[in-house]
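K.L.:
Fold the following.
(chains A and B)
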Amino acid sequence: MNLEILSSDLLNVAMLAFMGVTGVAIARIRNLFAVVMLSGIYSLLGATLYVILDAVDVAFTEAAVGAGASTVLMIGTLALTSDREKAMPNSNAWKGLIVCALVGAALVYGSLDMPLFGDPMAPAQQHVAPRYLNDSMAEIGLPNAVTSVLASYRGYDTMGEVFVIFTAACGVICLIGRTRRRPAKKSGGDK
Amino acid sequence: MVDLSFPGLLNYWFVFLLMLIGLYIVIAHENLIKKIVGLNVFQVSVFVFYISVAKVKGGTAPILADGIEVYSNPLPHVLILTAIVVGLAMTALGLALVVRVQESFGIIEDDELRALEDQQEDEGNNA
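P.N.:
The predicted model follows:
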C-alpha cells in the first residue's frame, strides 16, 4: 500500500479518536462553560479532519461558523442563564444507552452494504461529480469545483439556505428581541 | 462477507460512534443547553460522514489544476457547506428558545420543567 495514503488514513482515524474523547468529555462534564469550550474544540477537530479528507472549503466554514460563531452564541446564552448542569437521574443513562445501542446496531448493519472508504468505483463517485470535474472549467471558468457547484450549478440551494437563515433570524428576534422593553412580570398561569 | 481491509468500513463505524455520543447527550441529559451541544456533536458527526463518503483514495481537493488526475467528489462538500450554515441557524433558534424558557420559568432543566407543568395543570384542575 502507498505510504502516503496509509499515513493519511492513520491521521484520519487519530482525528476521529480525538473527537471521540472530546465527545465523551462533553457528555460527562457538568460545568457548562467547559462543555461549550469542548464543543468548540470538537468542531475544530472536525475542521482539521475535513482538511485531511480534501474538503478545504468545508473546513474553512466549519472553523469560522461551527467553532467560532456557535461558541459565541452559546457563551452568550450561558451569560443569560446558568453555567451549572444539575445531575441527571440514573434511569436516563439506561434509557439513552439502550436507544444508542439499537441505533448503533442499525447503523452498522446498514453500513455493511456500503462501498469501502475511499473506493474510487463507489456509485457516489460515478455520477454527476465527474461532469462537474470535467466540464465546470469550460462552463463556469473557476478552478474551484466546489465554488462552481455552490454558486452556479446549485445556486437555488444556496438561495434556499439564505431563506432559512432569514427565517431563523426572524424567529430569534420574535423570541428574545422584545424582552428588554417588557417589565419582568412573574405571574403564574400567564399565557 | 465483511471486508476488513484498513480503514474500509472501520472509518464509518468510528463516525457512527461519534453520532451515538451526540444522540446519548440529547436523550439522557436534562439541561437544555447540554441538549443543544449534543445536537451540535451529532451534526458535526453527520458532516464527517458525508465528507468521508466524498473522499477518493489518492485524490486531492477538488480545485482543478494541471497535472492532477484524481479529485475527491465536490458535491457532498457543497451539501455540507449549506448544512453547516443551516446548523448555525438551528443552534441560534434553539438557544433563543432556551433564553426564553429561562426568562419565563427560571430553570432550564427539562425534568424540572415537566414537573412544574404537571403542578400547574393540577392547580388548574383544582381551581
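
K.L.:
Setting the sequence-adjacent residues aside, check what's closest to the most centrally placed residue in chain B.
P.N.:
Per C-alpha atoms, centre = their mean, the C-alpha nearest to the average position across chain B is that of B:Q43, at 2.0 Å. Using C-beta to C-beta, 6 or more residues apart in numbering or on different chains and skipping residues adjacent in sequence, the residue nearest B:Q43 is B:G87, 5.1 Å away. Using the backbone N, CA and C atoms, a C-beta is placed for each residue, glycine as well.

K.L.:
burial measure for A:G76, as a count.
P.N.:
Using other C-beta atoms under 10 Å in any protein chain shown, A:G76 has 13 neighbouring residues.

K.L.:
ok so, going back, my guess is the residue nearest to B:Q43 contacts A:G66, does it?
P.N.:
Yes. With contact defined as C-beta atoms under 8 Å, B:G87 counts as touching A:G66 (7.3 Å).

K.L.:
which neighbours do the two share?
P.N.:
Residues touching both B:G87 and A:G66 comprise B:N40, with contact defined as C-beta atoms under 8 Å, 6 or more residues apart in numbering or on different chains.

K.L.:
of these two, who's got more company?
P.N.:
A:G66 (28 against 21).

K.L.:
got the contact list for the more buried one?
P.N.:
A:43, A:46-47, B:40, B:44, B:84, B:87-88.

K.L.:
By residue count, which helix of chain B is the longest?
P.N.:
helix B:74-105 (DSSP state H).

K.L.:
tell me the mean pLDDT over that helix?
P.N.:
Taken as a whole, helix B:74-105 has a mean pLDDT of 93.

K.L.:
where in chain A is pLDDT low?
P.N.:
Confidence mapping of chain A against pLDDT under 70 gives the ranges A:1, A:179-191.

K.L.:
Which stretches in it count as helices?
P.N.:
Using DSSP H, helices in chain A cover A:3-28, A:32-52, A:56-61, A:70-80, A:90-111, A:123-126, A:129-139, A:145-148, A:155-176.

K.L.:
quick one: contacts of the fifth one?
P.N.:
Spelled out, that is helix A:90-111. B:9, B:12-13, B:16-17, B:19-20, B:23-24, B:27-30.

K.L.:
Among those, name the buried ones.
P.N.:
B:9, B:12, B:16-17, B:19-20, B:23-24, B:27-30 (16 or more other C-beta atoms under 10 Å in any protein chain shown).

K.L.:
which one of those sits closest to A:E85?
P.N.:
When these are compared for distance to A:E85 (C-beta to C-beta), B:H29 wins out at 7.2 Å.

K.L.:
The closest one - nearest residue in space that isn't next to it in sequence?
P.N.:
A:M88 (5.6 Å).

K.L.:
Can you give me every residue that contacts that neighbour?
P.N.:
B:28-31, B:111.

K.L.:
at 10 Å what do you get?
P.N.:
By C-beta atoms under 10 Å, 6 or more residues apart in numbering or on different chains, the contact list for A:M88 reads A:30, A:96, B:28-31, B:34, B:109-111.

K.L.:
Which of those residues are buried, as a PyMOL select command?
P.N.:
Remark: buried members of these, expressed as a PyMOL selection using 16+ other C-beta under 10 Å:
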select buried, (chain A and resi 96) or (chain B and resi 28+29+30+31+34+109+110)
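
K.L.:
So which of the contacts of A:M88 are in strands?
P.N.:
Judged by DSSP state E, the contacts of A:M88 include no members of strands.

K.L.:
mind giving me the domain ranges of chain A?
P.N.:
A:1-86, A:124-181 (automatic domain parsing).

K.L.:
Remind me which helix or strand the residue nearest to the centre of chain B belongs to.
P.N.:
helix B:32-54 (DSSP states H and E).

K.L.:
circling back to that earlier point, now the contacts of A:G66: which count as buried?
P.N.:
A:43, A:46-47, B:40, B:44, B:84, B:87-88.
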